[in-house]
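*Asks:* no letters, just coordinates:
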């Protein structure tokens, strides 16, 4: 028994034994999984930058769709100008009425009174506004026709496309002319009914003539500036 116990006491403790090393795996030779590629600096820069904004290309349709600033040259604030009679206006009315330098100042006082009557005539002011509106439509129609012809015109020859534009605008101009004639007829009837004297009548006719013979222009606002990033050409 003593010998057996001694042998048992001297047997090594498994917990104190040195650990055994794990077997080293053999290197992979076929169908080996590939390690993920490390992103390059260029890829990181492209991820950090936002996508470039697309550039807007403005066409004729875009321009036509934008609001148009219709201007009848020399008639900005037209009604206010028509209802204001300066020295030149007095001379024009006197010439229309057949007055001369020897007529004396009395007619000028009469014209001042007539101008105030015309300004206070709401029906007449409405007719003047209607004529201005029709002339503005005629102005815009004419400019649009010119723009359309320029798209198809040939400086050397008359083209079928150019003639097609001419035919397209014929009914539009007829409608504008009919509307203008109707407005002018109403103006003449109102003058005959409401104007008691020659001076007031000539002044009102002069107001109409200034609208009808005004020069037509039209301005199309320019497209908005490109606000893209300067680094994005």
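*Replies:* Nice, I can see it. Everything numeric here is computed off the predicted structure, so don't read it as measured data. Numbering: from 1, shown residues only.
*Asks:* burial check on residue 194, number of neighbours?
*Replies:* When neighbours are defined as other CB atoms under 10 Å, residue 194 has 15 of them. For glycine as for every other residue, the C-beta is placed from the backbone atoms N, C-alpha and C.
*Asks:* same question, residue 105
*Replies:* Quick note: residue 105 (other CB under 10 Å) scores 7 neighbours.
*Asks:* pLDDT weak spots in the protein?
*Replies:* For the chain, the stretches with pLDDT under 70 are 1-77, 101-102, 218-233.
*Asks:* show me where it has its helices.
*Replies:* Per DSSP state H, the chain carries helices over the ranges 2-10, 41-48, 60-65, 78-82, 87-97, 106-120, 122-152, 160-194, 198-212.
*Asks:* tell me the most buried of those?
*Replies:* Stretch with highest mean neighbour count among the helices of the chain: helix 198-212 (a mean of 19; mean count of other CB atoms under 10 Å).
*Asks:* now for that one, which elements pack on it?
*Replies:* If contacts are counted by 3 or more CB pairs under 8 Å, 6 or more residues apart in numbering; DSSP states H and E, helix 198-212 sits against helix 78-82, helix 87-97, helix 106-120, helix 122-152, helix 160-194.
*Asks:* same for the fourth one, what does it pack against?
*Replies:* The criterion is 3+ CB pairs under 8 Å, 6+ apart, and the helices and strands that helix 122-152 contacts are helix 60-65, strand 69-73, helix 78-82, helix 160-194, helix 198-212, strand 215-219.
*Asks:* and the angle for that helix with helix 198-212?
*Replies:* Orientation of helix 122-152 against helix 198-212 (axes from the mean of the first three to the mean of the last three CA atoms, to 10 degrees) gives an angle of 20 degrees.
*Asks:* now residue 210, nearest residue through space, not along the chain?
*Replies:* Among residues not flanking residue 210 along the chain, residue 82 sits closest, at 6.4 Å (CB to CB, 6 or more residues apart in numbering).
*Asks:* separation between the one you found and residue 173?
*Replies:* Going from residue 82 to residue 173 by CB to CB, to the nearest Å gives 25 Å.
*Asks:* in this structure residue 134 contacts residue 178, no?
*Replies:* No. Shown here, residue 134 and residue 178 do not form a contact pair, counting by CB atoms under 8 Å, at 9.7 Å.
*Asks:* show me the contacts for the residue nearest to residue 210.
*Replies:* Residues near residue 82 by CB atoms under 8 Å, 6 or more residues apart in numbering: 128, 207, 210-211.
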